[in-house]
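In: Provided below for reference: sequence and predicted model.
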Amino acid sequence: MADDLQQKIISLCKRRGFVYPSSEIYGGFQATYDYGPLGAQLLKNIKDLWWSFFVTKKSDVFGLDGAIFCHPKTWEASGHISSFNDPLVEDKKTHVRYRADHLIAENLNIDVSKLSFEQMSDLIKKHDIKSPQGNELTDLKSFNLLVQAELGSTEETKQKVYMRGETCQIIFLQYLNILSSMRAKIPFGVAQVGKAFRNEVTTKDFIYRTREFTQMELEYFVNPKEGEKWYEYWQGQMLLWASEYLGLPKDSFRFRPIPDEEKSFYAKIQKDFEFKSASGKWFELSPLNHRGDWDLSTHQKFSGANFVYKDPYTNEEFIPNVIEISMGLDRIFYSILDNAYTEMDERIVLKLNKNIAPYKAAIFPLLKNKPELVNTARKIFDDLMQSGISVDWDDRGNIGKRYLSQDEIGTPSCITIDFQTLEDHTVTLRDRDSTTQIRVEIKDLENILKK
């Protein structure tokens, strides 16, 4: 996935306060990143738009904020302990780990989806497959993606637990409570935004694949007879949100059907919602899964709880099927930067949709050594900020450099307070993408920016 565009985006993210390497003063920590001031605001804007569209504006969807830890039996029932394993080999010189199936597919150009661990091990030895650096590989090992932890204050009381490998299981655990407390009726959904943790083997694609990531998850419970109908509905909703709310082009997305031999073991229908990078590569943002009744049936078997639903209108009894949307927030974040990054007229412009830009406007006093300009600019800044508009203050250097700086972080509008402002109460409003400048009255700024 790494390419010149990605390297430019990584550089911009650090330079402008979107994303920093974690623990950099200690040499960094692989596959972990910290979101800086602008990145944190951009993340919040994305999450808010997701919650507004998928929860607040849906009368049949309820929100949840589940715990990171849950009973260890959860992951046994879900199949993560027995099935959530990757085949791992390690470069003997660099000690970098690689997915064995990926190396085999790349070197032999064969379908690896049905190969056992033993067959993969034999192929690596038979064809003398090396690491990408040309070094010898260790023997293949089973690699469980769940992150283990210990809870307890003393050695005697410590209990082995798992940090959640996905957020959806907490929704299934709370299904009965939500059904009862919210007087819910099928069909209905439960949504949450939260962290998940995995021992990822491949961790070289910036924030696209990390060990700690955020999922924006919706599990929609339906009558088994209506599963395909609701699957199509949520497919349309996913594309509508990404294009209309985030401002991403529709033709940059596709739903890629997953072949039967590659489907997750629980999936009746499975498609990957993918985004096309400016470099031409497609990468997954979210699975759209028809999970059938596998989750509730399995938790019923392991827990003894009764997940059978009785329709109050028809008296029909069934275990609900589940339609799952699980968007990776970090991947959405990256796709937005990939789409927005533009080099034009010797300037870098981050063409962020105005819904999600960290700052909606930047306020410039023309000269910082003129109190009358600074005071007027400061009042405009304070008034806009109090009205709920995210604004930046910049009085550094010349006005041209300030424009370039704001273009690079995606600020849609720049407002300059000059000497004419003191005479007629108008300011210069500059558009980021076209660089067009117009004069507008101070009293109209709030309405203009909110539109």
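Out: Looks like it came in fine. Residues are numbered from 1 along each chain as shown.

In: contacts and neighbour counts: CA atoms only from here.
Out: Fine.

In: any stretches of the stretch 151-300 of the chain with poor pLDDT?
Out: The stretch 151-300 of the chain contains residues with pLDDT under 70 at 200-204.

In: strands of that one, start to end?
Out: Secondary structure of the stretch 151-300 of the chain, counting by DSSP state E, counting those that start in this stretch: strands at 159-163, 188-197, 212-222, 253-257, 269-276, 282-292.

In: point out the most buried one among the ones you listed.
Out: Mean neighbour count (mean count of other CA atoms under 10 Å) peaks for strand 212-222 among these, with a mean of 23.

In: what angle do it and strand 188-197 make?
Out: 160 degrees (axes from the mean of the first three to the mean of the last three CA atoms, to 10 degrees).

In: now the angle from strand 212-222 to strand 282-292?
Out: Using the same axes, to 10 degrees: strand 212-222 against strand 282-292 is 40 degrees.

In: which strands or helices does strand 212-222 pack on?
Out: Judged by 3 or more CA pairs under 8 Å, 6 or more residues apart in numbering; DSSP states H and E, strand 212-222 is in contact with helix 168-173, strand 188-197, strand 321-328, helix 329-340.

In: redo that, cut-off 7 Å
Out: Counting by 3 or more CA pairs under 7 Å, 6 or more residues apart in numbering; DSSP states H and E, the packing neighbours recorded for strand 212-222 are strand 188-197, strand 321-328, helix 329-340.

In: out of these, which gets nearest to K141?
Out: strand 188-197 (20.4 Å; CA to CA).

In: show me what the closest one is packed against.
Out: Applying 3+ CA pairs under 7 Å, 6+ apart, we find strand 188-197 packed against strand 61-63, strand 212-222.

In: next, the angle from it to helix 329-340.
Out: Using the same axes, to 10 degrees: strand 188-197 against helix 329-340 is 90 degrees.

In: how far out from the middle of the chain is strand 188-197?
Out: 12 Å (CA atoms, centre = their mean, to the nearest Å).

In: for F197, list the residues it contacts.
Out: 147, 163-165, 211-213 (CA atoms under 7 Å, 6 or more residues apart in numbering).

In: the nearest residue to G410 once chain neighbours are set aside pairs with what?
Out: In space, and not counting its chain neighbours, G410 is closest to L350: 4.4 Å by CA to CA, 6 or more residues apart in numbering. Per DSSP bridges, the residues bridged to L350 are Y341.

In: L350 and Q406 touch, don't they?
Out: No: using CA atoms under 7 Å, L350 is not in contact with Q406, being 9.0 Å away.

In: got a list of what G39 touches?
Out: Taking CA under 7 Å, 6+ apart as the definition, contacts of G39 comprise 17-19.

In: out of those, which are buried?
Out: Among the contacts of G39, those buried by neighbour count (16 or more other CA atoms under 10 Å) are 17-19.

In: and those residues, which is closest to Q420?
Out: Nearest member of the buried ones among the contacts of G39 to Q420, counting by CA to CA, is G17, at 33.8 Å.

In: that closest one against L42, yeah?
Out: No: G17 lies out of contact with L42 (CA under 7 Å); the separation is 11.0 Å.

In: closest to H290 out of the contacts of F197?
Out: Closest to H290 out of these is G165 (19.3 Å), distances taken as CA to CA.

In: pretty sure the closest one sits against R198.
Out: Yes: taking contacts as CA under 7 Å, G165 lies within contact range of R198: 5.7 Å.

In: those two: which is more packed in?
Out: Between G165 and R198, counted using other CA atoms under 10 Å, G165 has the larger neighbour count: 22 against 19.

In: from G292, how far out is the more buried one?
Out: 20 Å (CA to CA, to the nearest Å).

In: same question for Y208.
Out: 28 Å.

In: ok, the residue nearest the centre of the chain - contacts?
Out: Nearest residue to the geometric centre of the chain (CA atoms, centre = their mean): L329, 1.2 Å. By CA under 7 Å, 6+ apart, L329 lies in contact with 214-216.

In: repeat for P320
Out: 221-224, 293, 309.

In: ok, now A267?
Out: 289-292.

In: can you rerun that using 10 Å?
Out: 258, 260, 288-294, 322-324 (CA atoms under 10 Å, 6 or more residues apart in numbering).

In: N199 too?
Out: N199 is in contact with 31, 85-86, 143-148, 165, 210-212, counting by CA under 10 Å, 6+ apart.

In: also Y233?
Out: G227.

In: for it, give its distance to Q300.
Out: 28 Å.

In: now F206
Out: When F206 is compared with Q300 (using CA to CA), they lie 39 Å apart.

In: same question for G165.
Out: 20 Å.

In: also E262?
Out: Using CA to CA, E262 is found at 27 Å from Q300.

In: tally of neighbours for the nearest residue to F333 once chain neighbours are set aside?
Out: Once flanking residues are discounted, F333 sits nearest to L43: 6.9 Å by CA to CA, 6+ apart. Look at L43: counted by other CA under 10 Å, it has 19 neighbours.

In: my guess is L43 contacts I356. True?
Out: Yes: at 8.5 Å, L43 counts as touching I356 under the criterion of CA atoms under 10 Å.

In: what separates L367 from I171, distance-wise?
Out: Separation of L367 from I171 (CA to CA) stands at 55 Å.

In: same check, this time on Q420
Out: Taking CA to CA, one finds Q420 at 58 Å from I171.

In: what's the answer for I438, then?
Out: Counting by CA to CA, the gap from I438 to I171 is 51 Å.

In: what does K451 give?
Out: For K451 relative to I171 (CA to CA), the value is 37 Å.

In: which SS class is I110?
Out: coil (DSSP: H, G, I helix; E, B strand; the rest coil).

In: list the contacts of I417.
Out: Residues near I417 by CA under 10 Å, 6+ apart: 363-367, 372-378, 380, 425-429, 442.

In: mind giving me the ChimeraX select for those, buried ones only?
Out: Under the burial definition 16+ other CA under 10 Å, those of the contacts of I417 that qualify are selected in ChimeraX by:
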select :363,364,365,366,367,372,373,374,376,377,378,380,425,426,427,428,429,442
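
In: and the contacts of I417, which of them are in helices?
Out: 372-378, 380 (DSSP state H).

In: going by distance to F188, which of the residues you listed wins?
Out: Of the ones in helices among the contacts of I417, the one sitting nearest to F188 (CA to CA) turns out to be I380, at 45.4 Å.

In: I'd like to know which of the contacts of N199 are buried.
Out: Buried among the contacts of N199 (16+ other CA under 10 Å): 31, 86, 143-147, 165, 210-212.

In: for those, which one is nearest F69?
Out: Using CA to CA, these come closest to F69 at G165, 10.0 Å.

In: on that earlier part again, so which of the helices and strands packed on strand 188-197 is nearest H80?
Out: Across the helices and strands packed on strand 188-197, closest to H80 is strand 212-222 (CA to CA), at 16.9 Å.

In: what angle do the closest one and strand 321-328 make?
Out: 160 degrees.

In: sheet partners, orientation included, of strand 212-222?
Out: Going by DSSP bridges, the partners of strand 212-222 are strand 188-197 (antiparallel), strand 321-328 (antiparallel).
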